[in-house]
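> Structure, please.
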Amino acid sequence: MTTVSADAPAKVNLFLRVLSQERSGYHGIETLFCRIDLADRLSATMTETGHATIETSADLGPPADNLAVRAAELVLKATGRRFGVALALDKQIPVSAGLGGGSADAAAALRLVNQLAGNAIPESELLHFASRVGADVPFLLSGASLALGWGRGERLLRLPPLPKAPALLLCPAVGIRTVDAYRWVDEARTGITRGALALELESLTSWSDVARMAGNGFESPVFGRVPQVRAGFEALASTRPILCRMSGSGSTLFAIYRTARDRDDAKMMLGKKHGRTIATETA
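Numbers count the residues shown, from 1 in each chain. From the prediction side, this is the model:
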């Protein structure tokens, strides 16, 4: 088999707490990851170059900085560069939106290139590679629908999935760089924030329970600096969802609804005033 393909689904953060910056320069987090049906499509074709390339119609910056390319290179190096791969990406997940699009592509690249290598790399080592590429990659590689993540997102506790639910994404016409969002959080802090699990895991069995505990530490700093995101959140929250939050460091906002009709009514109500809307479902 010389070409393999896979979907690369996005995620939202139902809960996200940003801890203080570590000596390494990274911040610790506590988060509740939830996979959604919105996905990119990635194909990997075996070549003779020994290296990874990528082709996509989306503007994703230099190929060397692309997370899927970096992930593929880790597998190629670990397997002795016996072959190369040409990646082809059909981009559906908005970029710089807090949905883990680049991480989803990286997770898919790890799986596909390892598949081309005859699954030479065991699962435990593949997850280690994922943690080296990015904070969301281990969750998106795991295939879990719902998981608690902490550390830098690489430590995971897989949880029973919640019932599949209609979801609506609102993508304001502004991107937020993750590095800026973390800086804004630090500037707003008055002291050191340490880890202490803020979720009641035994209660995460229904969407109403999740709504009671949902939150995102990036929201206040982002809303204070990016009025378009605040306005979008207020508009989305007014459509009476079960819960409404910002995902990751933004700028995408998401809402969970009781029925598909409620979601579709909300999509119609919002129109295009606050940005692009995408109807999807939780996994």
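
> Residue 20: which element?
Assessed by DSSP states H and E, residue 20 sits inside strand 3-21.

> chain center to that strand, what's the gap?
Distance of strand 3-21 from its chain centroid, counting by Cα atoms, centre = their mean, to the nearest Å, is 2 Å.

> mind listing what's buried in that strand?
4, 6, 8-19, 21 (16 or more other Cβ atoms under 10 Å). Using the backbone N, CA and C atoms, a C-beta is placed for each residue, glycine as well.

> Can I get the longest strand along the chain in CSV? Just the C-alpha atoms.
As assigned by DSSP state E, the longest strand anywhere in the chain is strand 27-47. Taking Å, rounded to 0.1, in the frame of the first residue of the first chain, the C-alpha atoms of strand 27-47 are listed here in CSV:
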residue,chain,number,x,y,z
HIS,A,27,2.3,26.7,31.1
GLY,A,28,0.6,23.8,32.8
ILE,A,29,-3.1,23.3,32.0
GLU,A,30,-6.1,21.3,33.2
THR,A,31,-8.6,20.7,30.4
LEU,A,32,-11.6,18.5,29.4
PHE,A,33,-11.1,17.6,25.7
CYS,A,34,-14.1,16.7,23.6
ARG,A,35,-13.8,15.5,20.0
ILE,A,36,-16.2,16.8,17.3
ASP,A,37,-17.2,15.6,13.9
LEU,A,38,-15.6,18.5,11.9
ALA,A,39,-12.5,17.1,10.4
ASP,A,40,-9.7,17.7,7.9
ARG,A,41,-8.8,14.9,5.4
LEU,A,42,-5.1,13.9,5.2
SER,A,43,-3.5,11.5,2.7
ALA,A,44,0.0,10.2,2.8
THR,A,45,1.8,8.8,-0.3
MET,A,46,5.1,6.9,-0.1
THR,A,47,8.0,8.5,-1.9
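
> need the contact list for residue 280.
36-38, 167-169 (Cβ atoms under 8 Å, 6 or more residues apart in numbering).

> and it, which of the three is it?
strand (DSSP: H, G, I helix; E, B strand; the rest coil).

> and the gap between the residue nearest the centre of the chain and residue 11?
Nearest to the centroid of the C-alpha atoms of the chain, with distances taken as Cα atoms, centre = their mean, sits residue 100, at 2.4 Å. Between residue 100 and residue 11 the distance is 4 Å, computed by Cβ to Cβ, to the nearest Å.
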